[in-house]
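Colleague: sequence plus predicted model, see below.
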Amino acid sequence: MPTANRVLPDETGDVMSLTATDIEIKIPATPPESDAEPRPRVSVIVPALNEARNLPHVFARLPEVDEIVLVDGGSTDDTVAVARRLRPDIRVVRQNRKGKGNALACGFAQATGDIIVMIDADGSTDPLEIPSFVQALRDGADFAKGSRFHGAGGSADITRLRRAGNKCLSTLVNVLFGTRYSDLCYGYNAFWAHCLDVFDLDSTSPAPNNTDGRLWGDGFEIETLLNLRAARADLAIVEVASFEHSRIHGVSNLNAFTDGMRVLRTIAREWRPKRAKAGRRAKDSVR
């Protein structure tokens, strides 16, 4: 079969002659569509209580996700109206009790994605980090745990008292549960939806007849509760470096002493001496 000559200038300006036999054309093979790994659907859960002024900043930094579930805790400002104006496709859920833990439980129960990500509505957790959490899960983790004290993580918000308390509580959990957590009390996490049963959260019971109208796990102790139950269930846990920003507007509802005591009680309630070895895989997989 005859070959066609091509005449091309080289880098010096001289002319060089090439034939078809001198050229190797490689066409990348396209894998069949059925062999390609489908992209998991991502649901982002945003618990909110009077965060109307912060939502524009938070939503502006959200990467492309498949579903946003805003869980309203009975806001008296226009949190819900602002959320719907910014994201007409948003799903709004009303929590049935009080507290961040209950808000997350209600949001988790309504999520339809393959991956569930939990962020805060005050601007402290950066939505731009979501792809890092999703990638950690796609690389093999069951539970991607944000950490301000891992790798390039950090915080512009944590006080010395809260840092010291967090370190002591993290050390206690690592000893009791065989984990290697660097940041126990941080609420930026992601996990595969099929792991939701592991956490055994109550999103249906009415508010109890007690002083604060909350069940155990309905408060800020939810962050510790998720971490402990993930370890006890022997999930593959990976820490993801995260930077915590200061709240943009408003005042935090977190109380270092009372919420610290709830975390300590959570550790005591969740520890099972006979099952302490269940965290061994978590210890080996956290990095």
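Modeller: Structure received. Numbers count the residues shown, from 1 in each chain.
Colleague: only C-alpha atoms from now on, for both contacts and neighbour counts.
Modeller: Fine.
Colleague: show me where pLDDT drops low in the protein?
Modeller: Residue ranges of the chain with pLDDT under 70: 1-36, 252-257, 274-287.
Colleague: swap in 50 and give it another go.
Modeller: 1-34, 275-280, 282-285 (pLDDT under 50).
Colleague: for it, what spans make up the strands?
Modeller: 6-9, 15-18, 42-48, 67-72, 91-94, 115-118, 143-147, 154-155, 189-192, 237-241, 243-244 (DSSP state E).
Colleague: out of those strands, which is the most enclosed?
Modeller: strand 143-147 (a mean of 28; mean count of other C-alpha atoms under 10 Å).
Colleague: residues in contact with that one: which ones?
Modeller: If you take C-alpha atoms under 8 Å, 6 or more residues apart in numbering as the criterion, strand 143-147 is touched by 133-134, 136-137, 153, 182-183, 186-192, 227, 230, 235-243.
Colleague: next, the angle strand 237-241 makes with that strand.
Modeller: Orientation check (axes from the mean of the first three to the mean of the last three C-alpha atoms, to 10 degrees): strand 143-147 against strand 237-241 gives 30 degrees.
Colleague: where's strand 143-147 relative to the chain centroid, distance-wise?
Modeller: 6 Å (C-alpha atoms, centre = their mean, to the nearest Å).
Colleague: got the CA positions of that strand in PDB?
Modeller: Extracted as PDB, the C-alpha positions of strand 143-147 are listed here (Å, rounded to 0.1, in the frame of the first residue of the first chain):
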ATOM      1  CA  PHE A 143     -16.100   7.100  57.500                       C
ATOM      2  CA  ALA A 144     -14.100  10.300  56.600                       C
ATOM      3  CA  LYS A 145     -13.500  12.200  59.800                       C
ATOM      4  CA  GLY A 146     -12.500  15.800  59.700                       C
ATOM      5  CA  SER A 147      -9.600  16.900  61.900                       C
END
